[in-house]
Each structure stands twice: as C-alpha cells, then as structure tokens.
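Peer 1: I would like to see how this sequence folds:
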Amino acid sequence: MNGPVRRPVASAEPGVFFANIGPPPPERPPPIGFHEVELNKTRWVIPKAYDRLRCLGEGAYGVVCTAEDLRTGQRVAVKKFFRPFQSTIHAKRTYRELKLLRTLKHGNVLEMIDVFTPDPDVTTLNNVYFVSVLIGSDLQNILKIQRLKNEQIQALIYQVLRGLKYIHSAGIVHRDLKPSNIAVNEFGDVKILDFGLARTTDHEMTGYVSTRWYRAPEIMLNWMHYTQTVDVWSVGCILAELVSGKPMFPGDDHIDQLTRIMGVVGTPSYDFLSKIQSEEARNYIRNLPWMPRVDFFTLLPDASADAVDLLGRMLVLDPDDRISVIEALDHSYVQDCRDPGGEPVADHQVGVDAEEEAATLLDDWRELIWKEIQNFHLCPRAVNCLNDDLTRQMSEVERQSPQLLSNEDVDDEGVVEKIIC
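Peer 2: Below you'll find the model as predicted:
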C-alpha cells in the first residue's frame with residue numbers, strides 16, 4: 001500500500017469517526033477590521049466593533065462572552081462555536097443553529113443579530129461566531145439563587161409556551177428544552193436558546209437527543225416519528241422543577257431515567273407498548289413491576305391546583321394523549337398572564353432544502369455554513385437595522401411578570417454574577 005495508513009479516531013459521540021486528524025492549522029494574524037483577544041486560554045478573533053469582552057461560560061458546543069458593540073453602545077452576547085468542523089455532527093449542529101436563529105423572529109426566541117468569521121474563504125473556514133442580545137441569566141441559575149413565587153412561574157411558563165407556539169408553527173421541534181436553555185433577564189423576559197438539536201417535523205428523528213432529565217420517554221424508547229409534544233414533556237419537567245426547586249426525573253442513565261418516569265406516571269398500557277418499535281424497549285418495560293400513577297399533589301404539595309392539573313396533562317407517557325402547546329396555552333394556569341392576540345405564529349415553515357438534504361461530507365456542511373454567513377450579511381436588515389433590532393428585541397415582550405432578581409444579584413451590565421467565569 002502506498003502512503004501512510006490513516007486510522008480513524010473514535011469521538012466521544014457513538015458512531016462518529018474523524019478522518020485526517022492532525023495538528024491544528026497555523027494561526028493567521030487578524031484580518032483587517034478584526035482584533036485578537038484571549039479569553040480563558042481561548043483565542044478570539046472578532047470585529048473591532050466588539051470590545052471589552054468578558055467570559056460568561058461554556059458548554060459542550062461553544063463558549064459565550066459579553067462584549068460592547070461600539071456602534072450602538074449596547075452590551076451583547078457573542079458565541080464562539082467549539083470546533084464546529086471536528087465532525088459532521090458538529091458541523092450539522094452548527095449549521096442548524098445558525099439557520100434557525102437567522103430564520104425565527106419572535107420575542108421569546110433568541111435572535112441572531114450578527115454572524116461572522118475571520119477566515120477569508122470557505123476552504124479555510126474553521127471559526128464561526130454569532131452575536132445576540134445579552135440576556136443576563138437562565139432558569140438554571142435563577143433556581144440556584146432563589147425559589148420563585150407562583151405568579152412568577154406562571155409568567156415564565158406562559159412565555160416559554162408562547163415561544164414554542166411560534167417555533168412549532170414554523171415546523172420545528174426544539175428537542176433540547178431545559179432550564180439552562182431558557183434565558184431570563186432581570187425583568188422576567190424569556191428567550192428560548194440553543195437550536196443546535198432542533199429538527200424540522202418532516203424529518204425522521206433520531207432517538208438520543210435532549211438532555212436526559214428533560215427528555216420525553218418516547219425519545220429514549222426509540223420512537224423514530226415522535227412529534228412536537230416531546231417539547232411539551234420538557235416544559236412539564238421544567239414547570240415541576242420551578243415549583244419544587246429540584247429536578248423531577250434526575251436519572252443516572254437512560255434506564256434509570258425511564259424507571260423514575262414510570263414510577264411517577266405509572267406502568268404503560270398494552271396499547272402504548274404496541275407503539276414502541278424497539279423490541280428490547282418493549283421487553284424492558286414488560287419486565288418492570290406494575291406501578292400506579294402518582295398523585296402530583298403528593299409530589300408537589302406547594303403547587304396550585306391549576307399547576308398540578310397542567311402537569312398531569314403534560315407529563316403523560318403516551319405522546320398521543322399528551323397536551324399540545326396550543327392546548328396548554330388555553331389552560332387556566334396561564335390565563336392570568338395570557339394575551340391571545342399577542343401570540344404570533346410563523347409566516348412559513350422552515351424546511352430542509354436540497355443542499356442540506358444532500359450534505360454528507362464535512363466539506364458539504366462547511367459550504368452550507370459559509371453560505372449562511374454570507375447570506376446574513378447580504379440582508380439589508382442585518383446591515384442597516386442592528387440598533388433598531390436590539391431595541392425591538394428588548395422591548396417586544398411585555399414586562400408583565402414580577403421582577404425575578406433583586407438588584408444585589410445583578411451587576412451593572414445586567415449579568416447575574418453567579419454565572420460569570
């Protein structure tokens with residue numbers, strides 16, 4: 001055999017292999033109009049319009065910092081994707097998030113206000129950043145600081161449902177709703193984050209996606225054609241956690257997760273078992289001891305009757321019997337917060353175009369991401385309306401909920417000190 005043998009290297013994600021792994025490319029000097037900043041030993045090369053960077057935190061797929069936009073004087077959030085081209089899965093996730101953030105326009109959904117790369121062309125594309133409005137905290141961090149009152153929880157859940165109504169009307173399933181993906185500012189305004197796992201409803205959906213504790217049971221049971229009600233299950237888990245102050249189903253693994261779920265919602269019916277495609281999953285459930293459905297009042301003694309009733313309709317094992325987002329918005333629990341005339345829906349559904357359908361190689365996704373960046377900057381709205389867009393996003397949602405954080409919890413930039421790196 002001529003030439004060296006290339007050995008695939010296993011990634012942390014099952015079934016993914018990296019080809020042609022080698023040392024990182026040499027670092028280029030910042031292009032004209034960009035400057036270099038080091039944050040937590042990570043190199044950022046960003047437009048000079050963004051200054052005074054400050055780390056907020058990082059996750060599996062990206063690092064987020066705050067910055068001052070010198071053109072507007074606004075503090076914004078800048079996300080740098082973590083190794084977006086490490087694998088096709090990373091690249092696909094990056095593309096989905098950019099596409100949906102560019103497309104979705106709603107007061108309770110995070111909107112991208114800028115996207116850029118310092119790399120000169122598609123062949124060298126390795127670094128991707130996007131900019132959004134700065135939201136000071138998220139539900140996960142708020143839960144660490146304080147217990148919320150019933151009216152605060154109602155307002156938060158209403159806004160999450162309001163955002164989901166729009167997302168679902170666009171033909172999108174979020175698939176990864178959890179407290180850390182629900183951003184909240186000090187006035188209680190909500191924005192749904194992180195669309196890297198989102199999918200269009202016209203696609204067959206894989207089983208292992210959202211964070212385990214908030215994952216609908218049908219996902220773990222390998223239902224390939226699950227629906228938008230997987231997001232409703234996640235909202236139910238979030239509502240229960242807001243009421244009790246602790247996660248509803250903190251499973252150690254997916255088996256423990258299913259066992260905990262059935263210990264609350266009860267053993268499924270034979271009709272439900274017949275809908276499960278996986279024989280292994282069916283056999284596992286059949287071998288469990290019979291468990292009755294638990295009264296949610298027992299689990300959540302501090303919850304209102306309306307909250308318990310809504311939870312009972314959201315946390316239903318069979319997705320065919322689970323309440324929809326629109327039905328949840330009609331529920332008495334959120335009526336004190338609701339403005340039915342202020343619940344816009346998408347004007348079109350977000351589909352999968354032919355290029356995305358055909359993308360299989362890493363370079364295919366690189367090309368698609370490059371086009372997303374270029375298309376964003378071809379839009380006059382992105383070039384001319386940045387300041388108006390920032391102002392609109394901060395004021396679009398009515399400030400109808402009680403203030404969530406005291407002044408002592410928030411610094412002079414509106415950022416909860418607890419999440420600062």
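
Peer 1: who touches Glu343 in this structure?
Peer 2: For Glu343, the contact set (C-beta atoms under 8 Å, 6 or more residues apart in numbering) comprises 162, 165-166, 329. Where you see a C-beta, it was placed from the backbone N, CA and C, and this is true even at glycine.

Peer 1: can you give the distance of the longest helix seen in the chain from its chain's centre?
Peer 2: Ordering each helix of the chain by length in residues (DSSP state H) puts helix 150-169 first. Distance, stretch centre to chain centre, for helix 150-169: 14 Å (C-alpha atoms, centre = their mean, to the nearest Å).

Peer 1: next, the buried residues of it.
Peer 2: Applying a neighbour-count criterion of 16 or more other C-beta atoms under 10 Å, one finds 150, 152-169 buried in helix 150-169.

Peer 1: and if you look at stretch 96-105?
Peer 2: Buried residues in stretch 96-105 (16+ other C-beta under 10 Å): 96-102, 104-105.

Peer 1: where do the strands of this structure begin and end?
Peer 2: For the chain, applying DSSP state E gives strands covering 9-10, 17-18, 34-39, 42-47, 50-58, 62-69, 75-81, 112-116, 129-133, 137-138, 172-173, 182-184, 190-192, 199-200.

Peer 1: so which of these is nearest Ser244?
Peer 2: Ser244 lies closest to strand 182-184 among these, at 16.6 Å (C-beta to C-beta).

Peer 1: show me how far that closest one is from its chain's centre.
Peer 2: 10 Å.

Peer 1: domains in this structure, by residue range?
Peer 2: Residue ranges for the domains of the chain, per automatic domain parsing: 31-134+350-378, 138-342.

Peer 1: and the buried residues of stretch 96-105, which two are furthest apart?
Peer 2: Every pair of the buried residues of stretch 96-105 checked by C-beta to C-beta; the farthest is Arg96 and Lys105, at 16.9 Å.

Peer 1: pick out whichever of the contacts of Glu343 sits closest to Leu310.
Peer 2: Of all the contacts of Glu343, Leu329 has the smallest distance to Leu310: 10.6 Å, by C-beta to C-beta.

Peer 1: state the distance from the nearest residue to that closest one once chain neighbours are set aside to Asn108.
Peer 2: Ranked by C-beta to C-beta, 6 or more residues apart in numbering and with sequence neighbours excluded, the top spatial neighbour of Leu329 is Leu161, at 5.2 Å. Using C-beta to C-beta, to the nearest Å, one gets 9 Å for the distance from Leu161 to Asn108.

Peer 1: ok, back up a step: adding mean neighbour count, distance to Pro340 and mean pLDDT, write the strands of the chain out as TSV.
Peer 2: Formatted as TSV, the strands of the chain follow (neighbours: other C-beta atoms under 10 Å; distance: least, C-beta to C-beta, whole Å; pLDDT from 0 to 100):
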stretch	mean neighbour count	distance to Pro340	mean pLDDT
strand 9-10	10	51	42
strand 17-18	14	50	44
strand 34-39	14	44	93
strand 42-47	19	41	94
strand 50-58	17	35	90
strand 62-69	21	34	92
strand 75-81	22	31	94
strand 112-116	22	28	94
strand 129-133	22	26	94
strand 137-138	23	27	88
strand 172-173	24	22	91
strand 182-184	25	22	94
strand 190-192	25	18	95
strand 199-200	18	27	49
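
Peer 1: of these, which is nearest Trp213?
Peer 2: strand 182-184 (14.0 Å).

Peer 1: so what does that closest one touch, helix or strand wise?
Peer 2: Counting contacts by 3 or more C-beta pairs under 8 Å, 6 or more residues apart in numbering; DSSP states H and E, strand 182-184 packs against strand 137-138, helix 139-145, helix 150-169, strand 190-192.

Peer 1: what's the longest helix of the chain packed up against?
Peer 2: strand 182-184, strand 190-192, helix 229-244, helix 325-329.
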